[in-house]
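> could you look at this predicted model? Sequence included:
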Amino acid sequence: RRLLDVGSGPGGFVRLADQNGWDATALELNESSSRQLEAEGYKVIVKQLELTDLKSESFDLISFWEVLEHLGEPLDVLVAARKLLAPGGLILVMVPNVESLVTRLLHEKSNTFGGHSHLNHFSPATLARICRQAGLKVLEMETVITELGSINNYLAFEDPYVGQAPIFHSGLSPAFIHENLWGSRLLAILTSAYKIAR
């Protein structure tokens, strides 16, 4: 059970995986975070994924928790990840959903449009397309995080991200939002669409 967590940040997922028996490796470019993880004894790679010399098929799970939206060339990174994926392995991707209900309501005020740091914006269709282009098969895609509080605040003419306004409409339920892929984050589970030639 070998994990590569790309864009580990302070390392929460790496620690959790380690505590649950995974051989976890962090890939993190931030010097402070990478030094802290190394000091705790974790394996850390401080290099862009597509520039590493990691062996093919060396990880059973590769995770990208809110990473792809920050990358200049996310397709290149997904291609590199596919090559590192062991047979039967999985890739987990979570990105902001540009077609979420909260983004449709708030437009440019939505956190999805995170200024200069969000270089890419993904919808269910565009995330599925880039995964196919990288040679990955989408096993499952869903949305998480409803942001119902932000939606209710906005519809009550309050600051969307501060406070807690009364519920605007009971039909706006988490189930309704997720059934329509309107949650603020897309979560995709991927696997290699074909065997890598050695």
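In hand now; what should we look at? Numbering: from 1, shown residues only.

> pLDDT score assigned to the closest residue to L127 other than its chain neighbours?
Beyond its immediate neighbours in the sequence, the residue positioned closest to L127 (C-beta to C-beta, 6 or more residues apart in numbering) is L186, lying 5.6 Å away. For glycine as for every other residue, the C-beta is placed from the backbone atoms N, C-alpha and C. We note a pLDDT of 95 for L186 in this prediction.

> backbone dihedrals for L186, please?
phi -100, psi 130 (degrees, to the nearest 10).

> what number of residues are in the vicinity of it?
Counted by other C-beta atoms under 10 Å, the residues lying close to L186 total 26.

> quick one: it from E99, how far?
Taking C-beta to C-beta, to the nearest Å as the measure, L186 falls 9 Å from E99.

> any common contacting residues for those two?
Taking C-beta atoms under 8 Å, 6 or more residues apart in numbering as the contact criterion, the residues that touch both L186 and E99 are 123-124.

> residues in contact with the most centrally placed residue in the chain?
Averaging the C-alpha coordinates of the chain gives a centre point, and the residue nearest to it by C-alpha atoms, centre = their mean is M94 (2.2 Å). Neighbour list for M94: 64-66, 144, 185-188 [criterion: C-beta under 8 Å, 6+ apart].

> repeat that for 7 Å
Contact analysis of M94 by C-beta atoms under 7 Å, 6 or more residues apart in numbering lists 65-66, 185-187.

> quickly find the element holding it.
When secondary structure is defined using DSSP states H and E, the element that contains M94 is strand 85-96.

> tell me which strands that strand pairs with, and in which orientation.
In the sheet, strand 85-96 lines up against strand 59-65 (parallel), strand 185-192 (antiparallel) (DSSP bridges).
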